[in-house]
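Visitor: The following block contains a protein sequence and its predicted model.
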Amino acid sequence: MERVILHCDLNSFYASVELLSRPELREFPVAVCGDPESRRGIILAKNEPAKAFGIKTAETIWQAKRKCPDLILLPPHHKLYRDFSRVINDLYGQYTDLVEPFGIDESWLDITGSMHLFGGDGKVVADALRARVKKELGLTLSVGVSFNKVFAKLGSDYKKPDATTVISPDNWRPVVWPLPLGDMLFAGPAAQRALGQYGVHTIGGLAALEPSLPEHLLGKLGRQLWEYANGLDCSPVRPQHEKEPVKSVGNSYTFPADLTTRRQLRQGASMLCDSVAGRLRAQGLYCGAVAVGLKDPAFRSISRQKHLSHSTHLRGELLEAAMELIDKAWKPNTPVRLLSVTALALTDSLETYEQTDLFAPQKPMEDVKKEKLGQAVDSIRKKYGGGAITYGETVGHVVHGEDAE
């Protein structure tokens, strides 16, 4: 039986929610953004009039204001967006129990087994959902209807706002194959660059390749993208309550002033590793690899990663691995605008990846002490708040771009 999958994408979600209480601004260019006084201020969402000026999500506020000097900036209200998202996903749940959120404003619905209750046609159900969301919540949806998740998402992106697009077994080749490669799920900039060297710039161009070429260039991802381009996505829509396995735990920070010394970088990395380690422990996870990313004021990025000799969720061990990577990636005095630390190769148990040297001195008691210290810090923060206690190495003025004493 051919599946019927919907991908529902709320149009300009943050901006649309904000404008429910500010209807007088609907006809003006409006964007929801971070703190305009901070270098972390980026565009989080924009309405249709702002889109007409070429304003894009994730660009900096100063870039957006250069395109549209009269752009109206509104602060975000994340709890409000989460509340709306829950209400909308509950509404989707009235049509099927297979509802898989993809971020706060998008969801897949598998209505294969239930659409006979709502008209027996995917487009009919999609149009009914759009009408209900508009009437009951004042928001608009774009919905893609297809036989797999990847094409359903392409459909929701195909025509906006407030539209339904059907990509069927009969029409998918002429609809999908001319689209730019970057329109397809997970075909990011790196994949586009690698395949672009071989003249592949469209989804159809990728589909026409022998699968061994993208697999050679991109590994498992290359084969996966080739299958997507050929309509071979069979991934299921997971129920809302079924969590996707955590693949990484990371944190990043854009500093108000550039970091230019190793001492500043270590302070910044210590702060991030403390956060990542706490989140790992809270989820009962350990990591077997660490990645760091650095971005300079010109937005050039560099990243490095390494496997660890044993899995860990301790701040100090993450920090030493992170600094080893930073020392390899960073040239002294080069300014760093953003720093990130990510824990990879996650497991729910303590694992060793190298054969232990039987003659090397072991430090079991020291490891136990570090573990207890981490747990004690977690307990204090849980009771008194995240800022109640911190490590001395993190204390200072690194967030202001100054060396700590």
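Guide: Thanks, I have the structure now.
Visitor: Name the residues that touch stretch 132-139?
Guide: By CB atoms under 8 Å, 6 or more residues apart in numbering, the list of residues contacting stretch 132-139 from outside reads 10-11, 13, 16-17, 20, 84, 87-88, 91, 140-141, 162. Every residue, glycine included, has its C-beta placed from N, CA and C.
Visitor: Now do residue 210: how many residues are near it, please.
Guide: Number of residues near residue 210 (other CB atoms under 10 Å) recorded here: 9.
Visitor: what's the answer for residue 166, then?
Guide: Counted with other CB under 10 Å, residues neighbouring residue 166 total 20.
Visitor: check contacts around the residue lying closest to it once chain neighbours are set aside.
Guide: The shortest distance from residue 166 to any residue other than its chain neighbours is 4.6 Å, reached at residue 145 (CB to CB, 6 or more residues apart in numbering). By CB under 8 Å, 6+ apart, the contact set of residue 145 is 4-6, 122-123, 126, 152, 155, 164-168.
Visitor: how close does the residue sitting nearest the centre point of the chain get to residue 337?
Guide: In the chain, the residue lying closest to the centroid (CA atoms, centre = their mean) is residue 103, at 7.8 Å. Computed as CB to CB, to the nearest Å, the residue 103 to residue 337 distance reads 25 Å.
Visitor: swap in residue 4?
Guide: Relative to residue 337, and taking CB to CB, residue 4 is found at 46 Å.
Visitor: which of these two has more neighbours?
Guide: Here residue 4 and residue 337 are set side by side on neighbour count (other CB under 10 Å), and the busier one is residue 4, at 24 against 21.
Visitor: how much space between that one and residue 149?
Guide: Here residue 4 is placed at a distance of 12 Å from residue 149 (CB to CB).
Visitor: Beta-bridge partners for residue 109, please?
Guide: With beta bridges defined as DSSP bridges, residue 109 has these partners: residue 6, residue 99.
Visitor: Quick one: low-confidence residue ranges for the stretch 101-250 of the chain.
Guide: Applying pLDDT under 70 to the stretch 101-250 of the chain flags residues 243-244.
Visitor: residues in contact with residue 299?
Guide: For residue 299, the residues meeting the contact criterion (CB under 8 Å, 6+ apart) are residue 337.
Visitor: got a pLDDT number for it?
Guide: If you check residue 299, the pLDDT there is 80.
Visitor: Equivalent analysis for residue 363, please.
Guide: On pLDDT, residue 363 comes in at 47.
Visitor: got the contact list for residue 12?
Guide: Listed by CB under 8 Å, 6+ apart, the contact partners of residue 12 are 45, 46, 47, 48, 51, 161.
Visitor: Name the SS class of the first one, please.
Guide: This points to residue 45. Here residue 45 is recorded as strand under DSSP: H, G, I helix; E, B strand; the rest coil.
Visitor: Give me the number of neighbouring residues for the nearest residue to it once chain neighbours are set aside.
Guide: Excluding its sequence neighbours, the residue lying closest to residue 45 (CB to CB, 6+ apart) is residue 14, at 3.5 Å. Other residues within reach of residue 14 by the criterion other CB under 10 Å amount to 26.
Visitor: next one: residue 186
Guide: Residue 186 - counted by other CB under 10 Å - has 10 other residues nearby.
Visitor: And the one 10 residues further on, by the same measure?
Guide: For residue 196, the tally of surrounding residues (other CB under 10 Å) stands at 14.
Visitor: all strands for the stretch 1-150 of the chain, in order.
Guide: Remark: strands of the stretch 1-150 of the chain, listed N- to C-terminal, are 5-10, 30-33, 43-46, 72-74, 99-101, 106-110, 141-146; assignment by DSSP state E, counting those that start in this stretch.
Visitor: And these: which comes nearest residue 56?
Guide: Go through the strands of the stretch 1-150 of the chain one by one with CB to CB and the one that ends up closest to residue 56 is strand 43-46, at 6.9 Å.
Visitor: centre of the chain versus the closest one, how much separation?
Guide: Averaging C-alpha positions (CA atoms, centre = their mean, to the nearest Å) puts strand 43-46 15 Å from its chain's average.
Visitor: What pairs with it, parallel or antiparallel?
Guide: Each strand pairing with strand 43-46, determined using DSSP bridges, is listed with its direction: strand 30-33 (antiparallel).
Visitor: which residues touch the partner strand?
Guide: 14-15, 18-19, 22, 41-47, 49-50, 55, 61, 64, 71-76.
Visitor: can you rerun that using 6 Å?
Guide: Outside strand 30-33, the residues within contact range by CB atoms under 6 Å, 6 or more residues apart in numbering are 14-15, 18, 41, 43-47, 50, 61, 71-74, 76.
Visitor: can you check stretch 282-291 too?
Guide: Stretch 282-291 is touched from outside by 305, 307-308, 311-313, 318, 321-322, 342-348, 350, with contacts defined as CB under 6 Å, 6+ apart.
Visitor: Can you give the distance from that stretch to the centre of its chain?
Guide: That offset, for stretch 282-291, works out to 18 Å (CA atoms, centre = their mean).
Visitor: where do the strands sit along the stretch 151-300 of the chain?
Guide: Under DSSP E, counting those that start in this stretch, the stretch 151-300 of the chain gives strands at 164-167, 249-259, 286-295.
Visitor: mind giving me the domain split of this structure?
Guide: Partitioning the chain according to automatic domain parsing yields domains covering residues 1-168, 177-229, 249-400.
Visitor: Generate a markdown table for these, with distance to residue 241 as supplementary columns.
Guide: As requested, the domains of the chain are arranged in a markdown table below (distance: least, CB to CB, whole Å):
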| stretch | distance to residue 241 |
| --- | --- |
| domain 1-168 | 9 |
| domain 177-229 | 23 |
| domain 249-400 | 17 |
